[in-house]
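Enquirer: below is the structure, and that's it, no one-letter string:
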Ligand code: MG
């Protein structure tokens with residue numbers, strides 16, 4: 001009865017929040033006025049290239065205060081846009097943007113079924129935008145709220161490649177001359193090495209006549225080419241190589257064993273995420289450092305690898321695991337177990353996600369390296385504040401929040417384009433025509 005009377009009094013006073021609760025909110029936010037989420041906008045753009053970038057703009061009740069986050073998903077862009085527009089937006093409007101952790105947890109459970117790329121991208125778009133708002137409100141870059149800087153800038157690794165060992169070695173030397181210390185070297189096209197040229201090898205009738213991946217060819221050729229590159233460039237550059245999950249079981253182990261003497265900075269994804277238990281065997285066999293998990297979306301994938309010290313770098317994409325909130329937790333977990341972060345930032349990634357990784361990296365002792373990414377010049381018009389790369393280091397704008405803005409009119413000049421086939425990831429095929437895991 002008493003409660004009902006109090007409730008009625010509060011309603012008569014025209015206040016949705018009882019006075020005591022309002023006072024509590026005010027105390028928690030250090031005297032700042034209460035804040036609510038007024039509107040949510042989904043902004044999709046091609047970025048002046050063939051990107052399928054998706055950003056979320058969360059607009060608050062404070063005039064001019066908003067945040068932006070990345071939910072980009074190149075292969076299921078329309079699914080993320082619909083999930084943001086039709087499911088997250090109506091749930092989020094009216095909520096308190098200060099409560100990042102609670103909003104992350106409750107949005108994670110809002111869908112009942114959790115994890116998975118689309119759900120994580122939605123969480124990420126919200127989470128980054130909330131951190132952006134908090135930073136702007138505090139007048140500080142997000143990394144200050146994550147504990148402050150523990151390094152002067154964020155070291156990145158460069159991407160180079162060549163059709164053979166000689167051209168790859170020259171590319172490494174050019175990269176070193178530009179100031180890079182960490183260099184990923186690949187052979188042939190994207191995900192190259194170990195491919196039989198079109199028409200070569202005995203193929204099934206009427207089947208795949210194009211280039212065909214062959215595991216044993218990869219294990220035989222690529223370590224030999226890496227050895228030739230190392231002989232040419234010396235020990236100074238910290239070399240990486242990405243296997244793109246193309247190997248299985250003992251072939252992956254044998255590849256790691258063969259490159260051990262080359263002192264690689266890391267080899268990446270020698271196995272597909274479905275086969276992570278093999279890392280226990282690889283660990284016992286050799287000391288080649290392992291970077292793993294570009295496509296991880298569930299904590300159960302990375303937790304055992306980190307806590308059992310089976311890998312050296314965790315490769316999650318910040319927007320693929322749900323944003324800054326889980327990325328900072330992973331970095332702290334890495335610190336405790338002596339693993340390091342190497343957040344995935346290449347390819348079709350966007351500048352907002354790049355900066356989200358930057359803020360975690362620069363504030364985390366558990367950081368190892370970040371992947372580089374270059375964008376077309378027009379991106380600086382669409383997304384002013386995009387981070388800059390100078391001599392192998394990433395620099396944020398230093399402005400409050402993530403330090404990046406979005407010019408919606410400029411973004412609208414470059415609308416997102418989804419191909420008729422939905423824009424799938426292009427799969428490689430083996431000699432017998434079967435798909436190769438990417
Ligand atoms: Mg990779």
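Expert: Here it is on my side, so go on. For clarity, every value in this text was computed on a predicted model and none was experimentally measured.
Enquirer: pLDDT score for the closest residue to the ion within the stretch 1-150 of the chain?
Expert: Residue nearest to the ion within the stretch 1-150 of the chain: residue 74 (13.9 Å; CB to the ion). Quick note: C-beta positions are derived from backbone N, CA and C, even for glycine. For residue 74, the model assigns a pLDDT of 98.
Enquirer: where does the stretch 151-300 of the chain have low pLDDT?
Expert: Scanning the stretch 151-300 of the chain for pLDDT under 70 picks out 190-191.
Enquirer: that one: helices as residue ranges?
Expert: For the stretch 151-300 of the chain, the helices defined by DSSP state H, counting those that start in this stretch occupy 165-177, 215-233, 249-258, 279-285, 299-307.
Enquirer: now swap in the stretch 301-438 of the chain and tell me
Expert: Counting by DSSP H, counting those that start in this stretch, the segments of the stretch 301-438 of the chain that form helices are 318-321, 324-337, 351-362, 379-382, 408-412.
Enquirer: let's verify the residue of the stretch 1-150 of the chain closest to the ion: helix, strand, or coil?
Expert: Assigned by DSSP: H, G, I helix; E, B strand; the rest coil, the conformation of residue 74 is coil.
Enquirer: kindly report the same for the one 10 residues further on.
Expert: For residue 84, the assignment made with three-state DSSP gives helix.
Enquirer: in terms of contact, does it touch residue 70 like I think?
Expert: No. Proximity of residue 84 to residue 70 does not meet the contact threshold set by CB atoms under 8 Å, at 11.4 Å.
Enquirer: show me what contacts the residue nearest to residue 412 when sequence neighbours are not counted?
Expert: Leaving aside its sequence neighbours, residue 412 sits nearest to residue 45 (CB to CB, 6 or more residues apart in numbering; 7.6 Å). With contact set as CB atoms under 8 Å, 6 or more residues apart in numbering, residue 45 has these partners: 51, 53, 55, 382, 411, 412, 414, 415, 416.
Enquirer: same thing with residue 359?
Expert: By CB under 8 Å, 6+ apart, residue 359 lies in contact with 131, 141, 142, 143, 146, 324, 396, 402.
Enquirer: ok, residue 430 next?
Expert: Counted by CB under 8 Å, 6+ apart, residue 430 has contacts 208, 212, 213, 214, 436.
Enquirer: out of those, who's nearest the ion?
Expert: Lowest distance from the ion to the contacts of residue 430 (CB to the ion) belongs to residue 436, with 14.2 Å.
Enquirer: OK, contacts around the closest one?
Expert: Shown in contact with residue 436 (CB under 8 Å, 6+ apart): 213, 246, 427, 428, 429, 430.
Enquirer: give me the beta-bridge partners of the closest residue to the ion within the stretch 101-250 of the chain?
Expert: Closest contact between the stretch 101-250 of the chain and the ion, by CB to the ion, is at residue 242 (4.3 Å). Applying DSSP bridges to residue 242 gives these bridge partners: residue 268.
Enquirer: against residue 270, how distant is residue 292?
Expert: Per CB to CB, to the nearest Å, residue 292 is found 8 Å from residue 270.
Enquirer: check residue 78 too.
Expert: Distance of residue 78 to residue 270, given as CB to CB: 33 Å.
Enquirer: kindly report the residues of the stretch 151-300 of the chain close to the ion.
Expert: Within the stretch 151-300 of the chain, the positions adjacent to the ion are 242, 294 by CB under 5 Å from the ion.
Enquirer: residues contacting stretch 31-42, please?
Expert: Contacts of stretch 31-42 (CB under 8 Å, 6+ apart): 17, 22, 25-26, 29, 54-62, 65, 81, 84-85, 88-89, 92-98, 133, 137, 408.
Enquirer: can you do 6 Å?
Expert: 25, 57-62, 81, 84-85, 89, 92-95, 97 (CB atoms under 6 Å, 6 or more residues apart in numbering).
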